[in-house]
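1. pasting the sequence and the predicted model now:
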Amino acid sequence: IVDHISSGKHWYNEGYPMQHALRYVWSIPSARAEQKRIILSLNIPIRNIMTDRAVFRKNVFRYFHGFVKIFSCVIFSSTNRRFSLGAVRGMVHLPHEKPRVLCKSAKGGKRSIMYDIIIRNGRVIDPQNKFDAKADVAIYNGKIVGVGDYQNAESDRVLDAAGHIVTPGLIDAHAHLWPLTKMGISTECTCIPSAVTTAIDAGSAGWATYETSRGFINTCKVRVKTLVNVSPMGLPCNGYLENVDPDYLGGVYEREIEQLFDRYRGELIGIKLRVNTGVIKDMGEKPLLRALELAERCHTRLVIHSSETAIPFGRLCDLLRKDDILTHMYNKRNDSILLGPDGKVRPEAWEARKRGVLFDVGHAQGHCDVSVAKAAIEQGFLPDMIGTDACEEGAFREHLMFSMPFILSKMLSLGLSLTDAISATTEKPAKWIGMEDQIGCLSVGSFADVAIFDLKDKDFTYRDRGGAFYTGHQLLKPVATIKDGQVVYRDLEF
């Protein structure tokens, strides 16, 4: 069994469905050293289940049923290799146990081995697990193995986060990445020093350019998810006005996008449409209605650019469905403003939120007005997600956008709590992606994507595109980023 599954570890990513089977193999006296080494490399607890009589008696039928399934899959795989690992994974449902990092000592006993990294003494904020306290974070083999007291544990590397904030790696829900577009940011150079470990490209590539530019996704250190633009060319450069006419080329875009989702679902997580006046022209609601129909057929979500929209803000809110996203929620252009004439959040926005429509900051250089954001936050209309809308021109530009931590600092100065800001860049976008147990959290078994910050008491001036200045009193500065258990960025002074 061990030889059979050792050819790949992907079955192990989402839990420990075979841990008891492997413990049993460990307990066999004739098991080869190589087999035991493989078990250790998979970070499986090796306690002999046969010695725990109470557990064994309680679950004897489930063990027997599980082993029958395992042997069936091994035999079947000799004629159908494609079935083998996929069949083993998830077929056995045995009692769950949190992982312990153990190995055999020279004398045959058990001893704890070193963790790869322990982050000690930090204030750990993990909104998904409703955790906000001083604690340590232990990392082994690219995964989170525990949050708690690890002061006496051994580790190959210790990061002392005393006086610092420790969070899951941030998720940028709205970015433009090179080479999906000429105006895109350098993904690793921009995201990693900003504590961003996962980025969603917001429709930079269109249905005609996506396949020729997507190759970097699987080699990028940052985890990348994408939206496909309904325009054939997407957003190749700043100032480009997309062709979103649903009847262009006989409506071929619908079939092309459906095929892209057939091939790349999971990598592609939604459809993007800009409905600003320069793009929609005189087509009215037709591009939006057709895009909604297409998203329904593709079983996916639609993300709408709402700044300077050709369709009234209230009408956009009425049309969008559960899990669709309205981005640039705090902009102040034309009739695309969240606030009504009385300065109150529009009723349509509240109703849309009740239906499950999501709202993203989509900050950019000119899509977040200080007066709108402050009024909405004071009224309790908080962002579901905080995307940077970063592009080459806006990244690292002082006072306007700069980076994700800069925008979070700005949100803090406008009244958003630190926990809500972290939630909008970890827990909520992870759930929207469909990876809420793997990223955006510090749960046991999740990917070891971690960010460490210094929250400095420092006056800093923010400016929006309308020329308004606003002074904040806290600055969130990233000092370390860990991706899949590797320190990929660290400030010299940390």
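-> Sure thing, it's come through.
2. remind me which residues of the stretch 51-200 of the chain are low pLDDT?
-> Judged by pLDDT under 70, the stretch 51-200 of the chain has its weakly predicted residues at 51-113.
3. strands of that one, residue ranges please.
-> Remark: strands assigned in the stretch 51-200 of the chain by DSSP state E, counting those that start in this stretch are 102-104, 110-112, 117-126, 131-140, 143-148, 158-160, 165-168, 170-175, 196-206.
4. adding distance to Thr388 and mean neighbour count, write those strands out as TSV.
-> In this view, the C-beta of every residue, glycine as well, is placed from N, C-alpha and C. Conversion of the strands of the stretch 51-200 of the chain to TSV gives the following (distance: least, CB to CB, whole Å; neighbours: other CB atoms under 10 Å):
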stretch	distance to Thr388	mean neighbour count
strand 102-104	42	14
strand 110-112	41	12
strand 117-126	20	22
strand 131-140	24	20
strand 143-148	25	20
strand 158-160	26	17
strand 165-168	17	26
strand 170-175	5	30
strand 196-206	8	28
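5. would you convert the ones you listed into a markdown table that also reports distance to Asp282?
-> As requested, those are arranged in a markdown table below (distance: least, CB to CB, whole Å):
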| stretch | distance to Asp282 |
| --- | --- |
| strand 102-104 | 69 |
| strand 110-112 | 69 |
| strand 117-126 | 48 |
| strand 131-140 | 51 |
| strand 143-148 | 53 |
| strand 158-160 | 57 |
| strand 165-168 | 45 |
| strand 170-175 | 28 |
| strand 196-206 | 22 |
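6. so who does the closest residue to Gly184 other than its chain neighbours touch?
-> If you skip the residues right next to it in sequence, Gly184 has Trp178 as its closest partner in space, 3.4 Å away by CB to CB, 6 or more residues apart in numbering. Residues in contact with Trp178 (CB atoms under 8 Å, 6 or more residues apart in numbering) are 184-187, 392.
7. and which of those is nearest Leu292?
-> Gly184 (26.8 Å; CB to CB).
8. surely that closest one touches Ser204?
-> Yes. Using CB atoms under 8 Å, Gly184 and Ser204 qualify as a contacting pair, with a distance of 5.9 Å.
9. what's the overlap in contacts for these two?
-> By CB under 8 Å, 6+ apart, Gly184 and Ser204 have these common neighbours: 176-177.
10. any idea whether Ile407 is helix, strand or coil?
-> Ile407 carries the three-state label helix when classified by DSSP: H, G, I helix; E, B strand; the rest coil.
11. where does it land on pLDDT?
-> The predicted structure scores Ile407 at 93 on the pLDDT scale.
12. re the thing from before, now, the contacts of Trp178 that are in helices?
-> In this view, these that belong to helices under DSSP state H are Thr187.
13. make JSON lines out of the contacts of Trp178 and add distance to Pro236 and neighbour count.
-> What follows is those, written out as JSON lines (distance: CB to CB, whole Å; neighbours: other CB atoms under 10 Å):
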{"residue": "Gly184", "distance to Pro236": "10", "neighbour count": "24"}
{"residue": "Ile185", "distance to Pro236": "15", "neighbour count": "26"}
{"residue": "Ser186", "distance to Pro236": "17", "neighbour count": "12"}
{"residue": "Thr187", "distance to Pro236": "17", "neighbour count": "25"}
{"residue": "Glu392", "distance to Pro236": "12", "neighbour count": "17"}
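14. out of the contacts of Trp178, which two sit at the greatest distance?
-> Of all pairs drawn from these, the one with the longest distance (CB to CB) is Thr187 and Glu392, at 11.3 Å.
15. where does the stretch 351-494 of the chain have low pLDDT?
-> 399.
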